[in-house]
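Peer 1: 3D model of this:
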Amino acid sequence: MRSDTARRRPTKKRRKKKSGFGCFIFVVVLIVILAAGGFAAYKYLTANNYDNESGFERFADRYFSANVESDDIGDVQTEYNYGEYASSAIQYPEIGLENVDARISQLIQDEQQSFRSKYGNSGDGKVAQLICCDTYKGDQGTGSVVVKTAVQEADDKGDLQQVSNTVKTFTFNTENGAEVFSLMAFEPGYRDQLADFFKSKGFEKAAAADVDYDRFALNGKDAIFYFDAGQVEDMDSLTEIKVKNGDVENVFRDEIDSRGLDPSKPMVAITFDDGPKKGTTNRILDALEKNGAVATFFELGENVENCSDSEEYLKRMEKLNCEIGSHSYNHPNLFQISDAAIKEQNDKTDEAIESRLGKKPTVYRPPYGNGNEKTTEIFGKPGILWSVDTLDWKSRNAASVVEQIKGSGNLDGKVILMHSIYDSSAEATEQILPWLQSQGYQTVTVSELLMYKYNEDPSATKFYGYNYFYLD
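Peer 2: Got it, this is the predicted structure:
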């Protein structure tokens with residue numbers, strides 16, 4: 001009888017070997033199957049369309065992943081609203097400050113309302129609204145939220161293609177949530193400086209006069225400015241331009257002005273001519289500081305040179321967020337002197353102020369109000385007149401000055417004329433500031449008034465006459 005071992009040997013010898021070619025075919029088929037499956041999965045995961053609610057959520061998540069550039073602050077929340085025709089998805093931050101979260105919510109609701117008004121609940125194909133937010137942290141106690149909205153519509157093949165995108169920004173104080181507007185973050189002449197910078201970088205269209213620079217985010221020490229499609233380049237998409245602190249001189253404030261102005265609330269600009277004067281100017285500054293108010297001082301170059309405390313006054317004005325303007329050198333009637341003499345009036349005053357403050361005045365007021373487009377062009381800065389004349393120079397009486405202001409009706413958007421060389425005007429200032437605040441007025445500089453109430457570029461060389469400062 002044969003052993004088990006003997007019985008197995010013939011079987012072992014008769015086994016066929018697998019050929020190398022067969023293995024090759026097997027591997028190729030396996031690769032093809034895996035590749036086909038992987039491609040199908042890739043198409044499924046990356047297709048720019050969706051068929052149901054879960055598909056829309058995946059579609060939206062892919063979009064958010066590709067388009068959110070920064071999430072420095074806040075807790076991210078995501079909401080989906082699926083519809084067979086119109087769907088929307090929102091990814092937004094919860095900051096934890098009630099007024100900030102309310103503002104973000106309002107910005108998003110405005111976009112949603114616009115979307116619903118245009119597309120409704122039925123139509124051909126699919127349409128999707130996708131809203132996401134970038135958040136940035138500034139280095140001076142600020143946060144910025146950039147709300148980016150895209151609308152995509154299905155083409156003939158069913159793939160969604162972007163048809164519009166918009167951006168809105170909101171920068172705020174991270175302690176109290178107060179909004180930080182452009183003039184709080186940047187120096188008054190920032191627009192001209194940025195326009196030159198954009199030109200030097202090849203963004204000619206961004207320097208056009210009708211392009212605003214109010215949509216921005218503060219990222220560390222730097223800033224990011226946002227522009228609509230076609231504003232900067234001939235492109236159908238939004239454009240953002242990053243500006244590093246130091247790339248451009250006289251743009252970034254050393255300290256954020258955190259007064260928290262609200263353009264929707266009443267504003268009035270108080271202005272003082274003819275200073276500085278020892279004692280009186282300082283008394284006015286004391287009143288401004290006590291009431292957390294600001295003003296614009298139109299100074300005479302001659303008085304700046306002759307007042308021993310002028311440097312101290314000018315620097316204190318700047319520290320209190322006041323604005324410093326030129327009122328000529330020695331108060332001539334500009335209509336009665338030559339163009340060369342007008343230029344000398346400007347240049348000598350600029351030199352007197354810059355030598356003490358390190359900066360030139362940002363606006364000017366012609367003596368006696370006698371100015372026009374020609375004198376403004378020579379001065380090279382905005383020309384500012386007034387809409388409320390207190391006649392303090394005539395009455396020299398504080399009660400009369402206060403009565404003139406209180407009797408001027410609605411002061412929103414108006415410019416009040418006073419003089420910083422009379423004790424009676426300083427006394428009137430002490431009385432009128434608390435009253436203005438009790439009436440709900442915010443005191444602002446003339447440049448702030450131009451920007452926030454009149455949508456004007458506060459650095460433009462333009463003459464604002466007697467009839468200008470009245471709101472419709």
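Peer 1: got the CA positions of stretch 302-314 in PDB?
Peer 2: Provided in PDB are the C-alpha atoms of stretch 302-314 (Å, rounded to 0.1, in the frame of the first residue of the first chain):
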ATOM      1  CA  GLU A 302       0.700 133.800  11.400                       C
ATOM      2  CA  ASN A 303      -1.000 132.900  14.700                       C
ATOM      3  CA  VAL A 304       0.600 129.500  14.600                       C
ATOM      4  CA  GLU A 305       4.000 131.100  14.400                       C
ATOM      5  CA  ASN A 306       3.300 133.800  17.100                       C
ATOM      6  CA  CYS A 307       1.500 131.700  19.700                       C
ATOM      7  CA  SER A 308       4.100 130.200  22.000                       C
ATOM      8  CA  ASP A 309       1.900 127.200  22.800                       C
ATOM      9  CA  SER A 310       0.800 126.400  19.200                       C
ATOM     10  CA  GLU A 311       2.700 123.200  19.000                       C
ATOM     11  CA  GLU A 312       1.200 121.900  22.200                       C
ATOM     12  CA  TYR A 313      -2.300 122.900  21.000                       C
ATOM     13  CA  LEU A 314      -1.900 121.300  17.500                       C
END
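Peer 1: average pLDDT for that stretch, rounded please.
Peer 2: The average pLDDT within stretch 302-314 is 96.
Peer 1: just give the nearest non-adjacent residue to Glu289, would you?
Peer 2: Excluding the flanking residues, the one nearest Glu289 by C-beta to C-beta, 6 or more residues apart in numbering is Leu320, at 5.8 Å. In this view, the C-beta of every residue, glycine as well, is placed from N, C-alpha and C.
Peer 1: contacting residues around the one you found?
Peer 2: For Leu320, the contact set (C-beta atoms under 8 Å, 6 or more residues apart in numbering) comprises 285, 288-289, 294.
Peer 1: and which of those is nearest Gly220?
Peer 2: Comparing the contacts of Leu320 against Gly220 with C-beta to C-beta places Val294 closest, at 27.9 Å.
Peer 1: the closest one: what secondary structure?
Peer 2: coil (DSSP: H, G, I helix; E, B strand; the rest coil).
Peer 1: quick check, it in contact with Thr443.
Peer 2: Yes - applying C-beta atoms under 8 Å, one finds Val294 in contact with Thr443, separated by 5.4 Å.
Peer 1: before we move on, back to that, show me which of the contacts of Leu320 are buried.
Peer 2: Buried subset of the contacts of Leu320 (neighbour count, 16 or more other C-beta atoms under 10 Å): 285, 288, 294.
Peer 1: and the residues you listed, which is closest to Ser400?
Peer 2: Nearest to Ser400 among the buried ones among the contacts of Leu320 is Leu288, at 21.1 Å by C-beta to C-beta.
Peer 1: so that closest one, which of the three states?
Peer 2: The three-state assignment at Leu288 reads helix, by three-state DSSP.
Peer 1: and it, how far from Cys307?
Peer 2: Applying C-beta to C-beta, to the nearest Å, the value for Leu288 to Cys307 is 18 Å.
Peer 1: tell me the one of the buried ones among the contacts of Leu320 nearest Lys381?
Peer 2: Lys381 has its nearest neighbour among the buried ones among the contacts of Leu320 in Val294, at 18.7 Å by C-beta to C-beta.
Peer 1: list the contacts for that closest one?
Peer 2: 259, 288, 320-323, 443-445.
Peer 1: in strands only, show me these.
Peer 2: 323, 443 (DSSP state E).
Peer 1: now the buried members of the contacts of Val294.
Peer 2: For those, buried by 16+ other C-beta under 10 Å: 259, 288, 321-323, 443-445.
Peer 1: hmm, Lys168 is touching Gln106, no?
Peer 2: No - using C-beta under 8 Å as the test, Lys168 is too far from Gln106 to be in contact (10.1 Å).
Peer 1: could you check which of these two is surrounded by more residues?
Peer 2: Comparing Lys168 with Gln106 by other C-beta atoms under 10 Å, the one with more neighbours is Lys168, at 17 against 11.
Peer 1: still on that earlier bit, where does confidence bottom out across the contacts of Val294?
Peer 2: Arg259 (67).
Peer 1: mind pulling up the pLDDT for the closest residue to Asp412 other than its chain neighbours?
Peer 2: With sequence-adjacent residues excluded and distances taken as C-beta to C-beta, 6+ apart, Asp412 is closest to Pro266, at 3.9 Å. On the pLDDT scale, Pro266 is placed at 96.
Peer 1: who's in contact with Pro266?
Peer 2: When contacts are counted by C-beta under 8 Å, 6+ apart, Pro266 touches 410-413, 439-442.
Peer 1: one more: Gly202?
Peer 2: By C-beta under 8 Å, 6+ apart, Gly202 has no neighbours at all.
Peer 1: let's see it at 10 Å
Peer 2: Listed by C-beta atoms under 10 Å, 6 or more residues apart in numbering, the contact set of Gly202 reads 232-233.
Peer 1: how about it, secondary structure?
Peer 2: At Gly202 the chain is in coil, as set by three-state DSSP.
Peer 1: how close does it sit to Thr174?
Peer 2: Gly202 sits 35 Å away from Thr174, going by C-beta to C-beta.
Peer 1: what does Leu261 give?
Peer 2: Here the distance between Leu261 and Thr174 works out to 17 Å (C-beta to C-beta).
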